[in-house]
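K.L.:
I need the structure of the sequence given here:
(2 chains)
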Amino acid sequence: MTSMPQPGMARCIEPAALQALIDLLAQEGYLIVGPTRQDDAIVYDRIAGLDDLPAGWTDVQAPGHYTLVRRDDDAFFGYAVGPHSWKRFLHPPVETLWRALRDGDSFTLAAPSAPAPRYALFGVRACDLRAIAIQDRVFRDGAHVDHAYADRRRSAFIIAVNCGVAGGNCFCVSMGSGPRADAGFDLALTELIDAAGHRFLLEVGSDAGAALLARIDNVEASMADVDSAKAVVSHTAAHMGRHMETRGLKELLQGQPQHPRWDDVAARCLACGNCTMVCPTCFCTTIEDHGSIDGSSAERVRTWDSCFTLDFSYIHGGSVRTSTRSRYRQWLTHKLAHWIDQFGVSGCVGCGRCIAWCPVGIDITEEVATLRVAVEAGNEAGHEHD
Amino acid sequence: MMPTMDGDAWRPSVYRVARVVREFEEVVTLTLRPEGGNRPAFMPGQFNMLYAFGVGEAAISICGEDEGQGGFVHTIRRVGAVSHALASVSEGDAVGLRGPFGKGWPLSEAERGDIVFVAGGLGLAPLRPAIEHVLQHRSHYRRVTLLFGTRNPHTMLFESDFGRWRRGAEVDAVVTVDQADAAWRGSVGAVPALVPRATFDPKETMAMVCGPEVMMRFAVASLRDAGVPAESIHVSMERNMKCAIGLCGRCQYGQDFICRDGPVMRYDRVASRFSIREI
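P.N.:
A predicted model of the protein is given here:
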């Protein structure tokens, strides 16, 4: 090692050093989660080392379609995103908010007993970094702070990966969220496999990242390596599977609550809620209160919920959104339009998960494009009749 | 790091039921006092999240203050498991309370003008502290009208308050019922139909409306017909709500979260979605 790594510097490491980095994080008490191959999909789970990664696999994605196939190399990160997102760790699907104990004729409240794990998130893509930043705005940066989320977020160590493959459903370039990770990480990797060997360009995003990097074998990245890493990202950016035109999208959607296109998509949508479960930014939840059978204790549990359920909009007398049309409209209009009013940013990061995991292959980019064409054609027809 | 709950808006405080008043069959009014310390200040139109131990939590409008005793008054109708549990408490029982939350009625902006309150059924509950505020500062306002519609004479809310509100003609309170009985001497019909008969200067009026959504739609239409500007009409909206702090996402109404941007909303700001079904 020649010099202390600094934020913003590019270094180069061998795969063995990446294993050393994982070992160091484990020694420091982090619970390390990263990509693994399970049930014919790449999902995020606890990893102990490089052997747990889906080396040599890639995914083929299309609307309603996701398959893993072999690559002709042993790339550790040669695929796009699967059905999991990191929200399952930072905003868990089931979370006890508090417990209450009967105390004579009153009751007292206690915090949940389990301390939050310190996560090392290994292999976070640029779209998902943006998704985490979006959930930060929802849970951490608003008028009311979700303290449990803020604690998990503060203690997390993030290792990003710049994408070397664009999935068939990817459109991060349209959403301005990728494929290069440019902020919000401690360390960022770009995987390089060429005549010079299998190695990683490593960029430092924080002091904590720099301190960790200083403890593993690394060399200064050559100009050639820096150029190769840029080429990897440019190639991915040029091969996006999908595109979404975002110009005027907020006004387009907010102006069309009664458009007949909502009936068209409602005829296909099963209102299953898969899109909301796989979406890395969807944050809606329900609350369940449980009482013990002897009445001595109770707990309050928060679980993921979906705006596609009838229960979601239930008020005494019935649900507000009984039709699938109104529920799909709520989801899409919230995601791509109202979100901007609420949080200053679109709720979509272009990861394409909702497209792959929709059982009937509804494609958010196609819905938006078709609505836009229909509205603009309607506007022109209107002008002709003026 | 152990989780902490300090300053956590998810955490209810323990309140004691000081008084239970049965309004009519499925509606009770509870006076709740904090166990230790003082209740937080509130604005008329805001709501609290009330928790029945082990059963759950519901958003309930604040219906009044507890005249110098430091509590909240809440009127609750039994409609589900939680409201049933809350409506079944006895004096001395402990309940949980978080709040107050949300935006209240525009009582300062309404000063020096006329006020028209329009309430349907239990929609009178969140207007009650606004009416009390107006009476306490009566000289700040000109004509004050309350138009209240309820199902039948047996579902009359806050009957003793009406007597006090009407005394000295401080409030012109008109009650209408959907179904009268032989003893009923008042109006019969929907509450929006009372608007054209009320006396107010439409250009100098603040209207505050609360009730079922369909009733509010007709009430707003009547007020607009009477010449009240859209920006002078306020409605109190209701949606499914679990957290009350903008985190659960359930109470979205267009771009607004009812818990945070409402429940009281200026009509001109929601007019474009007010009559869209299932929004």
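K.L.:
Now do the same for the closest residue to A:C282 other than its chain neighbours: its pLDDT.
P.N.:
Excluding its sequence neighbours, the residue lying closest to A:C282 (C-beta to C-beta, 6 or more residues apart in numbering or on different chains) is A:T276, at 4.4 Å. Every C-beta, even on glycine, is put in place using the N, C-alpha and C of the backbone. The predicted local distance difference test score for A:T276 is 98.
K.L.:
try the one 4 residues further on
P.N.:
According to the per-residue confidence, A:P280 scores 98 in pLDDT.
K.L.:
One more: A:M4?
P.N.:
The predicted local distance difference test score for A:M4 is 56.
K.L.:
ok, now A:G382?
P.N.:
Taken from the predicted model, the pLDDT recorded for A:G382 is 62.
K.L.:
Which neighbouring elements make contact with the helix or strand containing the residue nearest to A:C282?
P.N.:
Following DSSP states H and E, the helix or strand that holds A:T276 is helix A:274-278. In this structure, helix A:274-278 makes packing contacts with helix A:353-356, judged by 3 or more C-beta pairs under 8 Å, 6 or more residues apart in numbering or on different chains; DSSP states H and E.
K.L.:
quick one: the helix it packs on to chain centroid distance?
P.N.:
Its chain's average C-alpha position is 12 Å from that of helix A:353-356, according to C-alpha atoms, centre = their mean, to the nearest Å.
K.L.:
Other residues contacting that helix?
P.N.:
Applying C-beta atoms under 8 Å, 6 or more residues apart in numbering or on different chains, the set of residues contacting helix A:353-356 from outside is A:61-66, A:81-83, A:85, A:167, A:169, A:242, A:274-275, A:278-280, A:361-365.
K.L.:
From B:P126, how far out is the closest residue to B:S236 other than its chain neighbours?
P.N.:
Using C-beta to C-beta, 6+ apart and skipping residues adjacent in sequence, the residue nearest B:S236 is B:C210, 4.1 Å away. Per C-beta to C-beta, to the nearest Å, B:C210 is found 5 Å from B:P126.
K.L.:
quick one: contacts for residue 213?
P.N.:
No chain was given, so I picked chain A. Residues in contact with A:L213, defined by C-beta under 8 Å, 6+ apart, are A:5, A:11, A:21, A:187, A:202, A:204.
K.L.:
Chain B was what I was after
P.N.:
By C-beta under 8 Å, 6+ apart, the neighbours of B:E213 are B:237-238.
K.L.:
Check A:V232 too.
P.N.:
Contacts for A:V232 (C-beta under 8 Å, 6+ apart) come out as A:162, A:164, A:190-192.
K.L.:
Phi, psi for residue 66 please.
P.N.:
No chain in the question, so chain A it is. When read as degrees, to the nearest 10, the backbone of A:Y66 gives phi -150, psi 120.
K.L.:
ah, no, chain B please
P.N.:
Its backbone dihedrals place B:D66 at phi -100, psi 50, with angles given as degrees, to the nearest 10.
K.L.:
For it, give me its contacts.
P.N.:
When contacts are counted by C-beta under 8 Å, 6+ apart, B:D66 touches B:18, B:31-33, B:72-73.
K.L.:
ok, A:R46 - how many residues close by?
P.N.:
Residues within reach of A:R46, counting by other C-beta atoms under 10 Å in any protein chain shown, total 10.
K.L.:
now swap in the one 3 residues further on and tell me
P.N.:
A:G49 sits with 14 neighbouring residues when counted by other C-beta under 10 Å.
K.L.:
Wait, it touches A:A16, no?
P.N.:
No: between A:G49 and A:A16 no contact is recorded; they are 10.6 Å apart, counting by C-beta atoms under 8 Å.
K.L.:
Where does A:V81 sit: helix, strand or coil?
P.N.:
Look at A:V81: counting by DSSP: H, G, I helix; E, B strand; the rest coil, its state is coil.
K.L.:
B:A219 now?
P.N.:
Of the three states, B:A219 takes helix according to three-state DSSP.
K.L.:
tell me the contacts of it?
P.N.:
By C-beta under 8 Å, 6+ apart, the contact set of B:A219 is B:118, B:120, B:191-192, B:195, B:209, B:211.
K.L.:
Can you pick out the ones from those that are in strands?
P.N.:
Using DSSP state E, the members of the contacts of B:A219 that fall in strands are B:118, B:120, B:209.
K.L.:
The last one pairs with what?
P.N.:
Going by DSSP bridges, B:V209 is paired in beta bridges with B:V118, B:V235.
K.L.:
How much space separates A:H334 from chain B?
P.N.:
Plainly put, A:H334 is 6 Å away from chain B if you go by C-beta to the nearest C-beta, to the nearest Å.
K.L.:
would that residue count as being in a strand?
P.N.:
No: membership of A:H334 in a strand is not supported by three-state DSSP, which gives helix.
K.L.:
so it touches A:G347, yeah?
P.N.:
Yes: A:H334 sits in contact with A:G347 when judged by C-beta under 8 Å, with a separation of 6.7 Å.
K.L.:
Between the two, point out the one with more neighbours.
P.N.:
Regarding A:H334 and A:G347, a neighbour count based on other C-beta under 10 Å identifies A:G347 as having more, with 26 against 21.
K.L.:
what sits against that one?
P.N.:
Contacts here follow C-beta under 8 Å, 6+ apart; on that basis A:G347 touches A:134, A:281-282, A:334-336, A:339.
K.L.:
Can you tell me the element the residue of the stretch 1-150 of chain B found nearest chain A falls in?
P.N.:
Of all residues in the stretch 1-150 of chain B, the one sitting closest to chain A is B:G54 (2.5 Å; C-beta to the nearest C-beta). Under DSSP H and E, no helix or strand contains B:G54.
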